[in-house]
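In: Got a sequence here, can you model it:
(2 chains)
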Amino acid sequence: MPSETNPARTGQVVLLVGTRKGVFLLHADPARSRWSIDGPHFLGHIAHHVVLDARDSRTLLVAAKTGHLGPTVFCSTDLGKTWREASSPPAFPKVQDEEGGRVVDHVFWLTPGPVEQPDVWYAGTSPPALFRSEDAGDTWAPVSGWNDHPNWALWTENGDDGTPGGSLLHSINLDPRNPRHLYIGLSGGGVFESTDGGGDWQPLNRGCEANFKPDPAPEFGHDPHCVRLHPLAPDVLWQQNHCGIYRMERPQGVWERVGDRMPREVGDIGFPIELHPRDPDTVWVFPMDGTDVWPRTSPDGRPAVYVTRDAGHSWQRRDVGLPGEHAWLTVLRQAMTVDGHDPVGVYFGTTGGEVWASRDEGEAWTCIARHLPHVFSLEVAELEP
Amino acid sequence: MKVAIPTPLRSYTRAPEVEAEGATVGEILADLDRRYPGIRFRMIDEQDGIRPHVRIFVNRERVAGIEETLAPGDEVQILQALSGG
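Out: Predicted coordinates:
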């Protein structure tokens, strides 16, 4: 389903790599076949997310902390030549009651705001809170409609029901038709939706399994690993969940487990899910082993990307160039991305510090960086000529 | 008074020891933040708690909170309790 409204990009691709020990920028040549590494930036900082604002192709934000210092956000407008720190990073309001005060442990997710609000950004944190900037990331204010929602403690189990790295708010998705329509993902907690700019929220988990709960079909408490909304088909949501791969037609409001059509020996467990920029029916995932004690490594030590081109009705294995055996890769929820070229480039980074690239929509893979620190996130910046 | 700065925070001060004024640890930290914007939040959370791996000593005695009062000539040291890999 090629689109007339989202033409293929042709600019230089830069991969923004957030790692456990800093930020690296991988610059591609025009053919996307040769890559050079710029970095590290902020060596020793934990960089959970590095995102370029596609609205201006200039503003680059980094969600950072160290193991021993508090969280912050860094900003560059010259692709990392110079940086400035947010003058007011995401933080909860100070409360007088010492028992009630929440503290941001780290900023986990960054999403640029809607096109019509050029300096707006959203940030998701651990504990799972939502923050908004109206000045391109310099100052941040809590979205109190979420953070102080009467059900916040219930939905988030007091912010404690989370991953080993803490309970997370991630997958901030904006409806391109309506900047007041937002979706967020909580690990754990589920998918939530607001139709009034973040003032009020409702769970959006019908049809999605939560097999780690006493009630396997609760209203909330699910574990979405990554949720994506396609800008050209904003009534369709995709989700790589702890319990499989799901797709939702929003008007129906029910998640359908399209991952059931994955090969049974591979399963449909993983962290990231990535959408084709021009074809809402094409989606890539990186399956990992969710059996037994959940190794969360490539099934059978044979890594592969799987793609569907028919909205999840069928899935095809794509492993040319990837190791054929003894490769126990883990790819985290933010560590897979795509560019806007034709054919689309698909990329993933591993917790073992490798970055893999395909410049033909996943048909063939090349390792473009090794020996980096544990990769948390991978995003594409496309620099128009 | 003089304040000793640990290496993880010297990207702000560019010096191992800097001057700051105040009658409490909190005032010293506020003055540091005026001189070196952003440094306070890396050490002190939004509820005014000292972050878990930050240690503040006055005259070589560890302080529990930023309300600790200071006298002229007191020696203030900020240290990092590094751990992990």
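In: what's the neighbour count on the spatially closest residue to residue A:362 that is not a sequence neighbour?
Out: Among residues not flanking residue A:362 along the chain, residue A:318 sits closest, at 4.0 Å (CB to CB, 6 or more residues apart in numbering or on different chains). Every residue, glycine included, has its C-beta placed from N, CA and C. By other CB atoms under 10 Å in any protein chain shown, the residues close to residue A:318 number 20.
In: Could you check how far residue A:318 is from residue A:361?
Out: 8 Å (CB to CB, to the nearest Å).
In: what sits in contact with each of these two?
Out: Counting by CB atoms under 8 Å, 6 or more residues apart in numbering or on different chains, the contacts common to residue A:318 and residue A:361 are residue A:307.
In: Who does the residue nearest to residue A:362 form a beta bridge with?
Out: Note on residue A:318: beta-bridge partners residue A:305, judged by DSSP bridges.
In: wait, doesn't residue A:340 sit right on residue A:381?
Out: No. Residue A:340 is beyond contact range of residue A:381, at 10.8 Å (criterion: CB atoms under 8 Å).
In: between the two, who's got more neighbours?
Out: In this view residue A:340 and residue A:381 are compared by other CB under 10 Å, and residue A:381 has more residues nearby, 22 against 19.
In: got a list of what the closest residue to the more buried one other than its chain neighbours touches?
Out: Sequence neighbours aside, residue A:52 is the residue nearest to residue A:381 in space, at 3.8 Å (criterion: CB to CB, 6+ apart). Applying CB under 8 Å, 6+ apart to residue A:52 gives the contacts A:14, A:16, A:58-60, A:379-381.
In: What about those residues, which one has the most neighbours?
Out: residue A:60 (26 neighbours).
In: Residue A:240 sits in which helix or strand?
Out: strand A:233-241 (DSSP states H and E).
In: Tell me the gap between that strand and the middle of its chain.
Out: Centre-to-centre, strand A:233-241 and its host chain are 13 Å apart (CA atoms, centre = their mean, to the nearest Å).
In: follow-up on the earlier one: my read: the residue nearest to residue A:362 touches residue A:363, true?
Out: Yes. Using CB under 8 Å as the test, residue A:318 is close enough to residue A:363 to be in contact (6.3 Å).
In: residues in chain B within reach of chain A, list them.
Out: Within chain B, the positions adjacent to chain A are B:8-9, B:37-38, B:41-49, B:51, B:53-54, B:80-84 by CB under 8 Å from any CB of the partner chain.
In: Quick one, which of those are buried?
Out: For the residues of chain B next to chain A, a burial check counting by 16 or more other CB atoms under 10 Å in any protein chain shown picks out B:8-9, B:38, B:41-47, B:51, B:53-54, B:80.
In: Next step: the residues of chain B next to chain A restricted to strands.
Out: Applying DSSP state E to the residues of chain B next to chain A, the entries found in strands are B:54, B:80.
In: Looking at the residues of chain B next to chain A, which are in helices?
Out: Of the residues of chain B next to chain A, the ones assigned to helices by DSSP state H are B:41-43.
In: ok, back up a step: so what's the residue nearest to residue A:381 bridging to?
Out: On DSSP bridges, the residues paired with residue A:52 through beta bridges are residue A:60.
In: in stretch B:65-75, what counts as buried?
Out: If you call a residue buried by 16+ other CB under 10 Å, then stretch B:65-75 has these buried ones: B:66, B:68, B:70.
In: right, I mislabeled it, should have said stretch A:140-150
Out: Within stretch A:140-150, the residues scored as buried using 16+ other CB under 10 Å are A:140, A:142-143, A:145-147, A:149.
In: for the closest residue to residue A:323 other than its chain neighbours, what are its contacts?
Out: Closest residue to residue A:323 apart from its sequence neighbours, by CB to CB, 6+ apart: residue A:303 at 6.4 Å. By CB under 8 Å, 6+ apart, residue A:303 lies in contact with A:286, A:319, A:322-323, A:327, A:329.
In: pretty sure residue B:75 is touching residue B:59, no?
Out: Yes. Between residue B:75 and residue B:59 there is a contact at 5.4 Å, judged by CB under 8 Å.
In: pLDDT and secondary structure for the contacts of residue A:52 - can I get that in a markdown table?
Out: Listed next are the contacts of residue A:52 as a markdown table, based on pLDDT from 0 to 100; DSSP: H, G, I helix; E, B strand; the rest coil:
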| residue | pLDDT | secondary structure |
| --- | --- | --- |
| A:14 | 97 | strand |
| A:16 | 98 | strand |
| A:58 | 92 | coil |
| A:59 | 95 | coil |
| A:60 | 97 | strand |
| A:379 | 98 | strand |
| A:380 | 97 | strand |
| A:381 | 96 | strand |
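In: how about the CA coordinates for the lengthiest helix in chain B, as CSV?
Out: Across chain B, the longest stretch assigned as helix under DSSP H is helix B:25-35. What follows is helix B:25-35 as a C-alpha-only set of coordinates in CSV (Å, rounded to 0.1, in the frame of the first residue of the first chain):
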residue,chain,number,x,y,z
VAL,B,25,24.0,22.8,53.2
GLY,B,26,20.8,23.6,51.2
GLU,B,27,21.9,27.2,50.7
ILE,B,28,25.4,26.1,49.7
LEU,B,29,23.8,23.8,47.1
ALA,B,30,21.5,26.5,45.9
ASP,B,31,24.4,28.8,45.5
LEU,B,32,26.4,26.1,43.6
ASP,B,33,23.4,25.7,41.3
ARG,B,34,23.3,29.4,40.6
ARG,B,35,27.0,29.3,39.7
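In: which other residues reach that helix?
Out: B:1, B:3, B:13, B:18, B:20-22, B:39-41, B:43-44, B:48, B:56, B:58, B:63, B:65-68, B:70, B:76.
In: try 7 Å this time
Out: For helix B:25-35, contacts defined as CB atoms under 7 Å, 6 or more residues apart in numbering or on different chains pick out B:3, B:20-22, B:39-40, B:43-44, B:56, B:58, B:63, B:66-68, B:70, B:76.
In: Now do residue A:323 against chain B, distance only.
Out: 26 Å (CB to the nearest CB, to the nearest Å).
In: what about that residue, neighbour count?
Out: Counted with other CB under 10 Å, residue A:323 comes out at 16.
In: What's the per-residue pLDDT of it here?
Out: For residue A:323, the model assigns a pLDDT of 98.
In: Now it. Its backbone dihedrals?
Out: When quoted as degrees, to the nearest 10, the phi and psi of residue A:323 stand at phi -60, psi 140.
In: how far away is it from residue A:180?
Out: 46 Å.
In: For stretch B:22-39, give the mean pLDDT please.
Out: Mean predicted lDDT for stretch B:22-39 stands at 98.
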